[in-house]
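*Asks:* take this sequence and fold it.
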Amino acid sequence: MDKQKRVLLLGGARQQIPSILKAKEMGCYTITCDYMPENPGHCLADEYHNESTTDKEAILKLAQKLNIDGIVCYASDPAAVTAAYVASKLGLPTNPYEAVEILTNKDLFRAFLAEHGFHTPFAKGYMLAADFLKETGLFHFPVMVKPVDSSGSKGISLITKPEEIEDKVRYALEFSRNKRFVIEEYVEKYGYQIAGDGFSVDGRLVFRCFGNDHFDKNAINPYVPMAASFPYVMPKRVHDKIHAEIQRLFDLLHMNSGAYNFDIRIDENENVYLMEVGPRNGGNYIPQVTKYITGVDMVEYTIKAALGEDLGMLSMADTVGYWSYFAVYSHHGGILRAIEIKDEVRKNNIKESFMNYEPGEQVPAYTGSNGTIGILIMHFDSQEEMLNRMDHPEEWIKVQTL
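*Replies:* Residues are numbered from 1 along each chain as shown. Reported below is the predicted structural model:
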């Protein structure tokens, strides 16, 4: 009888539950860890350990003690570095640790792209606002300020003039573990920003599903996507051009096998800007949306990749239908009173609902993905209906807070 595979899953948050359930479904012995024992995923696992997923040495020690067969980082950029570090130390399947470090640090990523001739905004990393203030002449305003090591658009803002620098840098640093920020020149997008996930096998991008990011210009942080709709509306040549740029990046970084989450822009000349390539599955239930539209279960392939199992069945798949995720959010924090959704949308479009809060609970304002009240997975009869619903949510949903 084959030995039961032991999988260490970094994190037990609500959005990480699909990876825990999939590993169990595949017959694995599941072990979760993070520093939040109240996270709901832990009670679904076979075993839980209270260790921070960003403490590489602590997780390495734990993994050695547990004699694991694979380590999984699902929907979490900070834990991706830990997973690669531990796997490399133990000789388990992983993407190169150095490559994962580059992909999860915005200043390193921008520098790597510039060095290798990719289209990328001029950018530079700093630790102090004073250092940037000395070098404002290097930049064309407006510029974006971002924590180098955060995800989910947390801590991001636009700086239009030098007088805004100190306050917005201070805000960015609140979300940086390394206490560094990156300044990058603003890239005007042509059409929708590109969202989506992909998967490499032995360094080849064998599967990807691109979508359209949607933003609320009236939100407190208008740079946080409120939705992503699939498929991406641009012609095939644009899909292929983006694919080729991602593949060139993978070749340069010597990637192996694993999942990726993309944030990409094109300009009016269809030049490709790789804004973010996260070495992990997307959050906001993007893998679940992707499964609806392509039939490909990327969660299963993520577990298989971590265990070194055969990935030969994974390939590109046609998209069928029109799907999206929508992040339920509030412009203002407060006590959640009600979420009002038009009956026709509730009946015809919403296929799954994942709520983080109940009425009567305190909810945050939507300044980053950590402010999401819940996620709706939605289906539409046409591209026109999908884009209209996602671009104009005020017409069908209202979140009431006190």
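*Asks:* contacts and neighbour counts: CA atoms only from here.
*Replies:* Will do.
*Asks:* can you give me the helices in the stretch 51-200 of the chain?
*Replies:* Under the criterion DSSP state H, counting those that start in this stretch, the stretch 51-200 of the chain contains helices at 56-66, 77-90, 97-103, 106-115, 129-133, 165-173.
*Asks:* span of stretch 187-198 from start to end?
*Replies:* Distance between the two ends of stretch 187-198: 23 Å, counting by C-alpha to C-alpha, to the nearest Å.
*Asks:* who touches it?
*Replies:* Stretch 187-198 is contacted from outside by 121, 205-214, 228, 232, 259-268, 270, 281-282, 286-287, 290, using C-alpha atoms under 8 Å, 6 or more residues apart in numbering.
*Asks:* tell me the gap between it and the middle of its chain.
*Replies:* Chain-centre distance of stretch 187-198: 13 Å, with C-alpha atoms, centre = their mean, to the nearest Å.
*Asks:* so where's the chain shaky on pLDDT?
*Replies:* Low-confidence segments of the chain (pLDDT under 70): 1-2.
*Asks:* need phi/psi at the residue sitting nearest the centre point of it.
*Replies:* Centroid check for the chain by C-alpha atoms, centre = their mean gives residue 282 as the closest residue, at 4.0 Å. In terms of degrees, to the nearest 10, the main-chain angles of residue 282 are phi -70, psi 150.
*Asks:* list the contacts for it?
*Replies:* Residues counted as contacts of residue 282 (C-alpha under 8 Å, 6+ apart) are 74, 75, 196, 197, 260, 261, 262.
*Asks:* with residue 98 instead?
*Replies:* Contacts for residue 98 (C-alpha under 8 Å, 6+ apart) come out as none.
*Asks:* could I get the helices of the stretch 51-200 of the chain as TSV with distance to residue 333?
*Replies:* Formatted as TSV, these follow (distance: least, C-alpha to C-alpha, whole Å):
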stretch	distance to residue 333
helix 56-66	34
helix 77-90	26
helix 97-103	32
helix 106-115	29
helix 129-133	29
helix 165-173	18
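*Asks:* quick one on the thing from earlier: please report the distance of the residue nearest to the centre of the chain from residue 61.
*Replies:* The spacing between residue 282 and residue 61, counted by C-alpha to C-alpha, is 27 Å.
*Asks:* how about residue 383?
*Replies:* Residue 383 sits 50 Å away from residue 61, going by C-alpha to C-alpha.
*Asks:* neighbour count winner among the two?
*Replies:* Between residue 383 and residue 61, counting by other C-alpha atoms under 10 Å, residue 383 is the more crowded of the two (17 against 11).
*Asks:* ok, the closest residue to the more buried one other than its chain neighbours to residue 52 distance?
*Replies:* Spatially, and ignoring its direct neighbours in sequence, residue 383 is nearest to residue 322 (6.2 Å; C-alpha to C-alpha, 6 or more residues apart in numbering). Using C-alpha to C-alpha, one gets 38 Å for the distance from residue 322 to residue 52.
*Asks:* quick one: which of the two has more around it?
*Replies:* With other C-alpha under 10 Å as the criterion, residue 322 and residue 52 differ in neighbour count, and residue 322 comes out ahead with 22 against 17.
*Asks:* check contacts around that one.
*Replies:* Neighbouring residues of residue 322 by C-alpha under 8 Å, 6+ apart: 229, 230, 231, 293, 379, 380, 381, 382, 383, 386.
*Asks:* what bridges to it?
*Replies:* For residue 322, the beta-bridge partners are residue 380 (DSSP bridges).
*Asks:* and the strands in the stretch 101-250 of the chain, which stretches?
*Replies:* Counting by DSSP state E, counting those that start in this stretch, the stretch 101-250 of the chain has strands at residues 123-126, 143-147, 157-159, 181-185, 194-201, 204-215, 225-230.
*Asks:* what's the closest of those strands to residue 43?
*Replies:* Nearest to residue 43 among the strands of the stretch 101-250 of the chain is strand 194-201 (27.9 Å), distances taken as C-alpha to C-alpha.
*Asks:* adjacent strands (with direction) for that closest one?
*Replies:* Counting by DSSP bridges, the strands paired with strand 194-201 are strand 204-215 (antiparallel), strand 258-266 (antiparallel).
*Asks:* I would like the residues contacting the last one, please.
*Replies:* What that stands for is strand 258-266. Here strand 258-266 makes contact (C-alpha under 8 Å, 6+ apart) with 94-95, 187, 189-201, 272-282, 298, 301-302, 305-306.
*Asks:* select only the buried ones of those in PyMOL?
*Replies:* The following PyMOL line selects those of the contacts of strand 258-266 that are buried, judged by 16 or more other C-alpha atoms under 10 Å:
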select buried, resi 94+95+187+192+193+194+195+196+197+198+199+200+201+272+273+274+275+276+277+278+279+280+281+282+298+301+302+305+306
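*Asks:* measure residue 329 to residue 229 for me?
*Replies:* According to C-alpha to C-alpha, residue 329 and residue 229 sit 17 Å apart.
*Asks:* tell me which of those two has more neighbours.
*Replies:* residue 229 (31 against 25).
*Asks:* report the beta-bridge partners for that one.
*Replies:* Counting by DSSP bridges, the residues bridging with residue 229 are residue 212, residue 324.
*Asks:* you'd agree it is up against residue 391?
*Replies:* No - assessed by C-alpha atoms under 8 Å, residue 229 is found out of contact with residue 391, at 10.0 Å.
*Asks:* about what we covered before: quick one: buried ones out of the contacts of residue 322?
*Replies:* Using 16+ other C-alpha under 10 Å as the burial test, the contacts of residue 322 include 229, 230, 231, 293, 379, 380, 383, 386 as buried.
*Asks:* related to what we said a few turns ago, could I get the contacts of residue 322 as a markdown table with distance to residue 103?
*Replies:* Shown next, in a markdown table, are the contacts of residue 322 (distance: C-alpha to C-alpha, whole Å):
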| residue | distance to residue 103 |
| --- | --- |
| 229 | 24 |
| 230 | 24 |
| 231 | 25 |
| 293 | 27 |
| 379 | 32 |
| 380 | 34 |
| 381 | 36 |
| 382 | 35 |
| 383 | 32 |
| 386 | 31 |
